[in-house]
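Participant: structure for the following, please:
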Amino acid sequence: MSVDIEHLSSDNSDLLNRIGPEVFDNPIDKDQLQVFLDDERHFMVIALDDGVVVGMASAVEYLHPDKKPQLWINEVGVASTHRRQGIGRSLVEEMIGIAKKRRCVYAWLGTDIENMAAQRCFGSVPNGEAPQKFLLYEWDLEE
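Facilitator: Have a look, this model is predicted:
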């Protein structure tokens, strides 16, 4: 199977009108989508199979006063119908390409220790460092 990888922009955001199962956690919020697309430091690449979005990866160029730019890959999702076909790996590789073009010195992402599918996917991307255990603290700020 061959999928096309595209960078999401305001010009092609209507591609998100046809999304495969389990690519995103929630329905697309049009207002949040526009805010995302208007921010030059946010990126999304999508995988398309016959016009249907079957994968996505989102990232943020992360800046800090004492560090050179980094790319934080926030999320990778692949449709349940298209998993284990290299789509996630292709999306991550595309994000690493974006990081290099933007002169980021580092690209990183995290996943749950129990998420074996993600570990297989991310571990298959060339030139990555060995995974490290870390603690993640989260705050749910919605009331």
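
Participant: can we go C-alpha only for contacts and neighbour counts from here?
Facilitator: OK.

Participant: pull out the buried positions in the helix or strand hosting Ser90.
Facilitator: In the assignment (DSSP states H and E), Ser90 maps to helix 87-101. For helix 87-101, the neighbour count (16 or more other CA atoms under 10 Å) marks Ile87, Gly88, Arg89, Ser90, Leu91, Val92, Glu94, Met95, Ile96, Ile98, Ala99 as buried.

Participant: OK, contacts around the nearest residue to Asn74 once chain neighbours are set aside?
Facilitator: Once flanking residues are discounted, Asn74 sits nearest to Ala59: 5.1 Å by CA to CA, 6 or more residues apart in numbering. By CA atoms under 8 Å, 6 or more residues apart in numbering, the contact set of Ala59 is His42, Phe43, Met44, Leu71, Trp72, Ile73, Asn74, Glu75, Met95.

Participant: which of those residues has the largest number of neighbours?
Facilitator: Counting neighbours by other CA atoms under 10 Å, Leu71 leads the contacts of Ala59 with 26 neighbours.
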